[in-house]
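Asker: need the 3D shape of this:
(2 chains)
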Amino acid sequence: MNPEDERLLLAPVERGSRGLRLGLVASALAAGVLCACWGYQIAHDLGVAGINRPVFWGVYITNFVFWIGISHAGTLISAILRLTGAEWRRPVTRCAEAITVFALAVGGLFPLIHLGRPWLFYWLLPLPNARGLWPNFRSPLLWDVTAIGTYFLGSSLYLFLPAIPDLAALRDRATGWRRRVYTWCALGWRGTPRQWHALENGIRVMAVLILPVAVSVHTIVSWDFAMSLQPMWHSTIFGPYFVAGAIYSGIAILVAVMAALRRGLGLGRYISETVFDNLGLLFLTMALVWAYFTFAEHLTVWYGNEPAEMAVFWERVSGRYAPAFWTMVVLNFAVPMLVLPFRRGRRPGPASLVAVGVLLGMWLERFLIIIPSLANPRLAYTVGRYVPSGVEWGITFGAFGLFVFLYHLFLRCVPAVSLWEMRAGAAAESDTSLAPEPAREGVR
Amino acid sequence: MTRWAMAIDLDRCTGCEACVVACHAENNIRLVGPEEAARGRAIHWLRIERYYEGEYPDVRVRFVPVLCQHCGAAPCEPVCPVYATYHTDEGLNAMVYNRCVGTRYCANNCPYSVRFFNWHAAPWPDPLQRQLNPDVAARPAGVMEKCTFCVQRIQRARQQAADEGRELRDGEVQPACAESCPTRAIVFGDLDDPDSRVARLSRSGRARRLLEELGTHPAVFYLARGARESSGEP
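Answerer: Down below sits the predicted model:
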């Protein structure tokens, strides 16, 4: 790590660039679409969405599951890589952890957007009301609120802790009001051996704690469906199936974001091809795991041949939703299998294209789990159909804008690649006596 | 203890839908108009399902009135995060509109699809608002609603019985659907009273319950067609 590296990594924070400013404005406009559509919906009631009876849950819940799934990129992958001491993680962890926090922020909006009376959302919080009545702890929705709340707090802390030394570095370089903000954020960091020791312990404890929380979050999201009686929702496999899908889509967005950072911020020498090669192998593994679960789920339903479930099964495989289903199979399985096994396919360009396809495919997967089941209830008399309305598409689009907007803000505040972790990595690689700060030995 | 239940004789049902109209009038159920109805937003707490048997010209139509089954183990109840739907000690599956925040989870978990959502605020253009039933709350936009077994009529009958210093008599409580049925296909009463009409009908060999195999313990008994003479019921 020489001063030139430091300048390059800090450039987006200290100087910004035309591209960053453009991205910030464009994504703010896209996020504005979300605000406008949601405002319109609140003013004109939920009827402006396409949901109906019996399809009471639509694109909003699809987006909710999708974004909560995306959030598994960061924290989970970063925690596993930290705990296993994988050296190539160093440039990955920061931008991955940030994905988690922002994806959760976006995903957490959707249960509110979807409420009939969103201004009463706080009735879902685990607090007693004025008459001493607590919310219903038997409801999976309450488990959701609790699990996602815990995960959001945990992953915010897990993003913040390893950022402290970098915030301190920014504090030391900044002037004016920025200096005051960074001073406050850096929590009095001086880089003493005692502080390094505490930080190292804190990161390690958080990495261990966040793993079961991450697994539980998407398991509980799957239980929103699996706990019900709906055909093809009531499945024991849903917990691990959703977690696998979440990690899969999480790696996809991580690959896409890292490729964008490489190009946009010129970070090619830090986020190297080796990183993409390793991440690509993990990506490939998750593609196989996802395909295995999808196959097992559909095979057992088909073999069991229960009429209510088969109505949903055929609708997905050969009925109205067949185009979406087979697009999903191609994007999530066929394309990754044709590209990722080869070293050339795991290079940033092709890997990020595959990743964008997988993101679309995983969104379709969530849609296909939710809508066909609801459209084919047990009493055949009430079969329904669902076409999302313009408001729903606007909010879906705006959610991506909001995510990109939050990420751009983050890039302007904190370096996307952890300075001190890269420095520690470089120090560990070369002679240890050349390490700039001996106290950092052993810090991961 | 009282446990409210209903028996519907499918042999008597002619599919005239008088019950549907009576239910709308009694419970202030809004009309959504043809466009919204085509989008699946129509609200009918009670509906007549029609099933066709055979090929033209030898076709038979079967009518099944379907309403909230007031399940003893209702799938809609545990999933509500705010206790907007809960079980009363009289076996009613009650709905508290003021608590509802509109997650619509209850509707997704109802295998009978008898729960309805207020997608828009209800317009009651003049003179329609003059025929609203003052005993029944109007529902705002964003909350669920469904059949209550005409709980307002249960309360009124109980009040009257208490005023007269006596117990409720069998058949005294009549939901709007039962009262309006020209063939008297719908019988309402207390299942825990072994001599009530509904209790006797529920023990008949013709009695079936809808999707009973799901373990929901519905409180609505359907008396199957065609076997009336042989079963020796009242």
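Asker: so where's the chain uncertain?
Answerer: I went with chain A, as the question did not name one. For chain A, applying pLDDT under 70 flags the ranges A:1, A:430-444.
Asker: um, chain B though
Answerer: In chain B, residues with pLDDT under 70: B:226-234.
Asker: remind me, longest helix of it?
Answerer: Assignment by DSSP state H gives helix B:151-163 as the longest helix of chain B.
Asker: so what does it touch, helix or strand wise?
Answerer: Under the contact criterion of 3 or more CB pairs under 8 Å, 6 or more residues apart in numbering or on different chains; DSSP states H and E, helix B:151-163 touches no helix or strand at all. Placement of C-beta: from N, CA and C, glycine included.
Asker: could you point out which element follows it?
Answerer: helix B:176-180 (DSSP states H and E).
Asker: alpha carbons of that next one, in CSV - could you do that?
Answerer: Extracted C-alpha coordinates of helix B:176-180, given in CSV (Å, rounded to 0.1, in the frame of the first residue of the first chain):
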residue,chain,number,x,y,z
ALA,B,176,-80.0,-12.6,7.2
CYS,B,177,-79.3,-15.4,4.8
ALA,B,178,-81.3,-18.0,6.8
GLU,B,179,-84.2,-15.6,7.2
SER,B,180,-84.4,-14.8,3.5
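Asker: quick revisit: which residues does the longest helix of chain B contact?
Answerer: B:4, B:26, B:90, B:92, B:94, B:133, B:135-136, B:167-169, B:172-176 (CB atoms under 8 Å, 6 or more residues apart in numbering or on different chains).
Asker: and if you look at stretch B:195-204?
Answerer: By CB under 8 Å, 6+ apart, stretch B:195-204 touches B:5-7, B:9, B:170-171, B:187-194, B:207, B:221, B:223, B:231, B:233-234.
Asker: next up, the contacts around residue 20.
Answerer: Reading this off chain A. By CB under 8 Å, 6+ apart, the neighbours of residue A:20 are A:12, A:264, A:408, A:411-412.
Asker: let's do chain B instead
Answerer: Applying CB under 8 Å, 6+ apart, the residues contacting residue B:20 are B:44, B:46-48, B:177.
Asker: contacting residues for the residue nearest to residue B:80 when sequence neighbours are not counted?
Answerer: Leaving aside its sequence neighbours, residue B:80 sits nearest to residue B:106 (CB to CB, 6 or more residues apart in numbering or on different chains; 5.3 Å). Residue B:106 makes contact with B:76-77, B:79-80, B:84-85, B:115, B:144, according to CB under 8 Å, 6+ apart.
Asker: go through the contacts of stretch B:195-204 and flag which are in strands.
Answerer: B:5-7, B:9, B:187-190, B:207, B:221, B:223 (DSSP state E).
Asker: columns neighbour count on top of those, output as JSON lines?
Answerer: Shown next, in JSON lines, are the ones in strands among the contacts of stretch B:195-204 (neighbours: other CB atoms under 10 Å in any protein chain shown):
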{"residue": "B:5", "neighbour count": "25"}
{"residue": "B:6", "neighbour count": "27"}
{"residue": "B:7", "neighbour count": "27"}
{"residue": "B:9", "neighbour count": "22"}
{"residue": "B:187", "neighbour count": "26"}
{"residue": "B:188", "neighbour count": "26"}
{"residue": "B:189", "neighbour count": "28"}
{"residue": "B:190", "neighbour count": "21"}
{"residue": "B:207", "neighbour count": "16"}
{"residue": "B:221", "neighbour count": "24"}
{"residue": "B:223", "neighbour count": "24"}
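Asker: tally of neighbours for residue B:104?
Answerer: 23 (other CB atoms under 10 Å in any protein chain shown).
Asker: with adjacent residues omitted, what lies nearest to it?
Answerer: Residue B:104 sits nearest to residue A:56 (CB to CB, 6+ apart), 4.0 Å away.
Asker: so who does that neighbour touch?
Answerer: Applying CB under 8 Å, 6+ apart, the residues near residue A:56 are A:374, B:104, B:107-108, B:117.
Asker: again with residue A:362
Answerer: Taking CB under 8 Å, 6+ apart, one finds A:66, A:69, A:245, A:248-249, A:252, A:332 in contact with residue A:362.
Asker: where along the chain do the strands fall?
Answerer: All of this refers to chain A. Under DSSP E, chain A gives no strands.
Asker: sorry, I should have been clearer: chain B.
Answerer: Counting by DSSP E, the strands of chain B are B:4-9, B:47-53, B:60-66, B:85-87, B:93-95, B:116-117, B:144-145, B:186-190, B:207-208, B:220-223.
Asker: do the third one and chain A meet?
Answerer: Yes - interface with chain A: strand B:60-66 contributes residue B:66 (CB under 8 Å from any CB of the partner chain).
Asker: quick one, that strand and strand B:186-190 angle?
Answerer: Per axes from the mean of the first three to the mean of the last three CA atoms, to 10 degrees, the angle that strand B:60-66 makes with strand B:186-190 is 30 degrees.
Asker: which residue lies farthest from the center of chain B?
Answerer: Centroid-distance maximum for chain B: residue B:57 at 33.6 Å, with CA atoms, centre = their mean.
Asker: look up how far residue A:414 lies from that residue.
Answerer: 77 Å (CB to CB, to the nearest Å).
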